[in-house]
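1. Fold the following.
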Amino acid sequence: MRSFPADLARAQQEWSATYRQLAERPGRTELRRRLHLLSAQVFFHPYWQQRRPNPAAWWELRALGRSDRAGN
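-> Prediction:
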């Protein structure tokens, strides 16, 4: 697995947690705004300026975000 910067990994983990909260409580404006902000942080992170993101990298980052749910 590739190594992601700590702030990028943290933003992805927060994105996953916020997405789960929004799924449980749809229509919450504050959660939608938070999800939008986190999406921009992840997508426009300087890490992606150094290398072209490919589907495998996105998949690994998303898996990292989901692993926080299991307590990993």
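2. Below-threshold pLDDT in this structure: ranges please.
-> Counting by pLDDT under 70, the ranges of the chain that qualify are 1, 68-72.
3. Which other helices and strands does the longest helix out of those in the chain contact?
-> Looking across the chain with DSSP state H, the single longest helix is helix 6-24. Secondary-structure packing of helix 6-24 (3 or more CB pairs under 8 Å, 6 or more residues apart in numbering; DSSP states H and E): helix 29-43, helix 55-67. Every C-beta, even on glycine, is put in place using the N, C-alpha and C of the backbone.
4. got the contact list for the first one?
-> Read it as helix 29-43. 8, 11-12, 14-15, 18-19, 21-22, 25, 61 (CB atoms under 8 Å, 6 or more residues apart in numbering).
5. could you redo the last one with a cut-off of 10 Å?
-> In this structure, residues lying in contact with helix 29-43 by CB atoms under 10 Å, 6 or more residues apart in numbering are 7-26, 28, 48, 53, 58, 61-62, 65.
6. in it, what's buried?
-> Across helix 29-43, burial judged by 16 or more other CB atoms under 10 Å covers 31, 34-35, 38, 41-42.
7. tell me how far it is from the chain's mean position?
-> Between the centre of helix 29-43 and the centre of its chain there are 9 Å (CA atoms, centre = their mean, to the nearest Å).
8. ok, for the residue positioned nearest the centre of the chain, nearest residue in space, not its chain neighbours?
-> The centre of the chain sits closest to Gln12, judged by CA atoms, centre = their mean, with a distance of 2.0 Å. For Gln12, ignoring the flanking residues on the chain, the nearest one in space by CB to CB, 6 or more residues apart in numbering is Gly65 at 3.8 Å.
9. same thing with Leu61?
-> With CB to CB, 6+ apart as the criterion, Leu61 has its nearest non-adjacent residue at 5.2 Å, and that residue is Gln12.
10. That neighbour reaches His45, doesn't it?
-> Yes. The pair Gln12 and His45 qualifies as a contact (CB atoms under 10 Å) at a distance of 9.4 Å.
11. Need the overlap of contacts for these two.
-> Each of 4, 61 lies in contact with both Gln12 and His45 under the rule CB under 10 Å, 6+ apart.
12. Done for today, thanks.
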